[in-house]
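Engineer: Predicted model and sequence follow; I will ask about them next.
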Protein chains: 2
Amino acid sequence: MPTERKLRIGLAGIGTVGGGVWANLARNADLLQRRCGATLEVVRVLARRADRARELGIPEAILTADPERLTADPAVDVVVELIGGTTDADRLIRASLAAGKHVVTANKALLAKHGRELFALASQYRRQLLFEASVAGGIPLIKALREGLVANRIESIYGIINGTCNYILSLMNDRGLGYAEALADAKAKGYAEADESLDVEGHDAAHKAAVITALAYGFWVPEGELPTEGIAGVRRPDIIYARQLGYELKLLAVIKADPDDSVEVRVQPTLVPKSHVLASVGGVFNAVMVRGDVVGDTLYYGRGAGAHPTASAVISDLAELACLGSEGIYRLPVGCGTCAHRLKPIEDIISRYYLRLAVVDQPGVLARVATILAAHRIGISSVIQPESHEGDTVPLVVMLHDAQERAVRAAIAEIAQQDVVRAQPVTYRVEDFET
Amino acid sequence: MPTERKLRIGLAGIGTVGGGVWANLARNADLLQRRCGATLEVVRVLARRADRARELGIPEAILTADPERLTADPAVDVVVELIGGTTDADRLIRASLAAGKHVVTANKALLAKHGRELFALASQYRRQLLFEASVAGGIPLIKALREGLVANRIESIYGIINGTCNYILSLMNDRGLGYAEALADAKAKGYAEADESLDVEGHDAAHKAAVITALAYGFWVPEGELPTEGIAGVRRPDIIYARQLGYELKLLAVIKADPDDSVEVRVQPTLVPKSHVLASVGGVFNAVMVRGDVVGDTLYYGRGAGAHPTASAVISDLAELACLGSEGIYRLPVGCGTCAHRLKPIEDIISRYYLRLAVVDQPGVLARVATILAAHRIGISSVIQPESHEGDTVPLVVMLHDAQERAVRAAIAEIAQQDVVRAQPVTYRVEDFET
């Protein structure tokens, strides 16, 4: 049994997540004390809004608006960064590490942007930079990847890691709503921010994918180089045709290593087979499937956002520090695990594709499309030509066999130029999760 | 970064799992070295069969048939117990702990039987007794419960934790096989042992449920007191009616805490709503849903058995020891977390029920059944009277509202005595996973 210890916490930020951390540390204080053999005590709180602090019952004596009161105070063992953004948060974390403090953060945007430097700093100062809460909220995914699956070379990771997008797509799927209606519903329920762009354009999921990639493959995808497509362009017909073909459209993060050590990383709406367990992940839930060379497929599911689930993850990092002591040993350092890996150029990625065209209703159209695809050596696995018409065009839905992105792009550009094709072709990747 | 260290392993048992551990330690040795900052080296192997050792490429110099060569050798830091059973394994673990060695085991039967004493011994000798591989194979469930969800009071755990049973039920569900055919298929594929009783009678799942209970609630369910029902009695009609009612029949371990600190623990075939993610867990896969008071529902899914998945879990425990050093700190000790908890008597459990009767085809039968249920204050939520007849009786399927086990038992005993009821009533619990 450990001897009695105390972890002195500087909590920076008391918004949704910070408030959740404060409340749940108090709520389960006895439990945490018993489990960790240490007391987790918040000794300083950085906050701009005194009214919010009062609402949470935070004593005035530990409140401050000055970040230096956290970073420069020797009585703070660990700084919990929950202020968000990539400027003040960055400054706070650097100052905390430099002052010899551990850091716990939920800030995926910051890690995606400056992770390489921040983890290097943590290593330099021999402090821990823990980030369980940055991906998949309350699901202990980082721990699973870092420790639970330590025996495995990670072959691939497939994740539904943005609850807002999954909620919107679930509504479009299950209740037949259009995108705008579904977004409005998500906002009304508090599942989407007033400015929804970070979520629906796929950036939040891309930040998380970058963090997972760093952990699993040891390199940080440079900002802007991670192929990202959101759900704002998703339309009902594609959801309906996908279902007819036995698939569900999900915003999927795909991280997949090739035998040549290049790693495919992307975030895109993707067709997932209905029978696959990822297709059954509905609403605001997140799920991540990790395929290891020893363990095979494992999957982790839970709430990916919200005050309480995220607090659960933040507190697990704090418990780690409390249990392992302030001289906690580094494990599986991030960003320098297997430096052989590198990002695979998007043009080299091989994938199946769903293709929807709006074509003129006349004989020979399918033949022309098939001929162009064949010229690019792309095979067709199935075709549906639904009865329902939209004006003077008819939809033509084609499922393609595995093909390289480069060839698919070229073929689609050529198809788009045909006079019988009356709108920009719609394409989505298809992921069958083959081993 | 940690300094160079070595973890010296004594591997006891080279059957399926032991062979997997040996092979995968070798296969990913460089990776493990890099990730742990330590070498994981097998320095002694306890095995009875020299031919199997040769097949695995184990050098003769480290082979022994004498357990004392592991337990008494100061050059062994940790003993990995994979010999199975509850006598030799028990002796080996006790001797190892007493000799100051850490122990890693996959032996749920032993833990369920002697866990209380073994963990007390580990605590006494200040050694670690790690058991990630004992439940849910390669899924890092123990780590999730112990560390990832440390901030949570565990409210409930629902698990599909026997792959053999899930495989058999999946075949009965998806391919319309009868129990005997499905069992034969499982045996042919190596998913069921020659003597299948430990699996199909629910004992293996009960052992695992006991281990999870000890971890989550701090007490060991005394052997024989854990209500256990296997799948050997499951018949096709019930699977079909369950589906008609919107459910799938699964062998489910249920561990649920009441506000009064009593804990319901049981392993039984149970109706699970088709829309629930647990219903989509097919074949030999395992899945465990854990509900925490902070995080809400989380779920963990993967292969629950087999050489490689189980090896993945064993090696993660070894990595833990390698990373934390031989003076590794105890965390969340098993069996003494929250000693307020105790087993809830089965008669007090409240549950919904599925009830199938074979009744005489005459008017008034349903009225008689409903009257008896009402006398015991048990409500009916739905009834199906299928058209298909079996001889001179007709099936009558009744879904009951929440009721106490005591009342359900009494009502069913009374119903069974009715002259219009021609066979022993079939009952299964229904779990709707309400919060």
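Structural biologist: Looks like it arrived, so ask away.

Engineer: burial of the nearest residue to A:Ile346 once chain neighbours are set aside, as a residue count?
Structural biologist: Distances taken as CB to CB, 6 or more residues apart in numbering or on different chains place A:Pro227 nearest to A:Ile346, at 4.8 Å, with adjacent residues excluded. Just so you know, the C-beta spots here come from the backbone N, C-alpha and C atoms, and that holds for glycine as well. Residues near A:Pro227, counting by other CB atoms under 10 Å in any protein chain shown, number 20.

Engineer: Check what pLDDT A:Pro227 gets.
Structural biologist: pLDDT, A:Pro227: 95.

Engineer: quick one: it and A:Ile255 touch, right?
Structural biologist: No - the criterion here is CB atoms under 8 Å, and A:Pro227 misses it with A:Ile255 at 11.6 Å.

Engineer: List the contacts of the nearest residue to A:Val42 once chain neighbours are set aside.
Structural biologist: Excluding the flanking residues, the one nearest A:Val42 by CB to CB, 6+ apart is A:Ile9, at 4.7 Å. Counting by CB atoms under 8 Å, 6 or more residues apart in numbering or on different chains, A:Ile9 makes contact with A:Leu25, A:Leu40, A:Glu41, A:Val42, A:Val43, A:Arg44, A:Val76, A:Asp77, A:Val78, A:Val80, A:Leu318.

Engineer: helix, strand or coil for the first one?
Structural biologist: Per DSSP: H, G, I helix; E, B strand; the rest coil, the local secondary structure of A:Leu25 is helix.

Engineer: picking up where we left off before, tell me the residues that contact both of A:Pro227 and A:Ile255, please.
Structural biologist: With CB under 8 Å, 6+ apart as the test, A:Pro227 and A:Ile255 both reach A:Val265.

Engineer: Tell me where the stretch 1-150 of chain A has helices.
Structural biologist: Along the stretch 1-150 of chain A, the segments classed as helices by DSSP state H, counting those that start in this stretch run A:16-27, A:29-36, A:50-56, A:68-71, A:88-98, A:108-124, A:141-143.

Engineer: So which residues of the stretch 151-300 of chain A form helices?
Structural biologist: Under DSSP H, counting those that start in this stretch, the stretch 151-300 of chain A gives helices at A:163-174, A:179-188, A:197-200, A:203-217, A:236-244.

Engineer: pretty sure A:Ser382 contacts A:Leu245?
Structural biologist: Yes - using CB under 8 Å, A:Ser382 is in contact with A:Leu245, at 6.9 Å.

Engineer: Look at those two and report which has more neighbours.
Structural biologist: More crowded of A:Ser382 and A:Leu245, by other CB under 10 Å: A:Leu245, with 17 against 11.

Engineer: So what pairs up with the closest residue to the more buried one other than its chain neighbours in the strands?
Structural biologist: Sequence neighbours aside, A:Met399 is the residue nearest to A:Leu245 in space, at 6.3 Å (criterion: CB to CB, 6+ apart). Beta bridges link A:Met399 to A:Tyr354, A:Ser382 when assigned by DSSP bridges.

Engineer: In this structure A:Met399 contacts A:Tyr428, no?
Structural biologist: No - with contact defined as CB under 8 Å, A:Met399 does not reach A:Tyr428; the gap is 10.3 Å.

Engineer: got any residues that touch both of the two?
Structural biologist: Common contact partners of A:Met399 and A:Tyr428 (CB under 8 Å, 6+ apart): A:Tyr353, A:Tyr354.

Engineer: measure the residue nearest to A:Leu245 to chain B for me?
Structural biologist: 23 Å (CB to the nearest CB, to the nearest Å).

Engineer: For that residue, the count of nearby residues, please.
Structural biologist: A:Met399: 20 neighbours (other CB under 10 Å).

Engineer: residues contacting it?
Structural biologist: Shown in contact with A:Met399 (CB under 8 Å, 6+ apart): A:Leu245, A:Arg352, A:Tyr353, A:Tyr354, A:Leu355, A:Ile380, A:Ser381, A:Ser382, A:Val383, A:Val430.

Engineer: Mind putting those into JSON lines with pLDDT?
Structural biologist: What follows is these, written out as JSON lines (pLDDT from 0 to 100):
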{"residue": "A:Leu245", "pLDDT": "95"}
{"residue": "A:Arg352", "pLDDT": "96"}
{"residue": "A:Tyr353", "pLDDT": "97"}
{"residue": "A:Tyr354", "pLDDT": "97"}
{"residue": "A:Leu355", "pLDDT": "97"}
{"residue": "A:Ile380", "pLDDT": "96"}
{"residue": "A:Ser381", "pLDDT": "95"}
{"residue": "A:Ser382", "pLDDT": "94"}
{"residue": "A:Val383", "pLDDT": "95"}
{"residue": "A:Val430", "pLDDT": "97"}
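
Engineer: Of the residues you listed, keep whichever come out buried.
Structural biologist: By neighbour count, with 16 or more other CB atoms under 10 Å in any protein chain shown, the contacts of A:Met399 hold A:Leu245, A:Arg352, A:Tyr353, A:Tyr354, A:Leu355, A:Val430 as buried.

Engineer: in terms of contact, does the first one touch A:Arg352 like I think?
Structural biologist: No - using CB under 8 Å, A:Leu245 is not in contact with A:Arg352; the gap is 11.1 Å.

Engineer: Quickly list what A:Tyr428 is bridged to.
Structural biologist: Applying DSSP bridges to A:Tyr428 gives these bridge partners: A:Tyr354.

Engineer: residues in contact with it?
Structural biologist: A:Tyr428 makes contacts with A:Asp238, A:Ala242, A:Leu249, A:Gln268, A:Pro269, A:Thr270, A:Leu271, A:Tyr353, A:Tyr354, as judged by CB under 8 Å, 6+ apart.

Engineer: Give me the number of neighbouring residues for A:Gly100.
Structural biologist: 14.

Engineer: related to what we said a few turns ago, out of the helices of the stretch 1-150 of chain A, which one sits most buried?
Structural biologist: Mean neighbour count (mean count of other CB atoms under 10 Å in any protein chain shown) peaks for helix A:141-143 among the helices of the stretch 1-150 of chain A, with a mean of 27.

Engineer: Show the average pLDDT along that one.
Structural biologist: 95.

Engineer: Kindly report the same for stretch A:314-323.
Structural biologist: Averaged across stretch A:314-323, the pLDDT comes to 92.

Engineer: Is any residue of it near chain B?
Structural biologist: Yes - Stretch A:314-323 is in contact with chain B by CB under 8 Å from any CB of the partner chain, via A:Ile315, A:Ser316, A:Ala319, A:Glu320, A:Cys323.

Engineer: so which helix or strand takes in the first one?
Structural biologist: When you say that, I think you mean A:Ile315. Using DSSP states H and E, A:Ile315 falls within helix A:307-324.

Engineer: how far off helix B:307-324 does that helix point, in degrees?
Structural biologist: 60 degrees (axes from the mean of the first three to the mean of the last three CA atoms, to 10 degrees).

Engineer: how about the nearest residue to A:Ile361, chain neighbours excluded?
Structural biologist: One thing to correct before we go on: residue A:361 is Asp, not Ile. A:Asp361's closest residue in space is A:Val394 (CB to CB, 6+ apart), at 4.6 Å.
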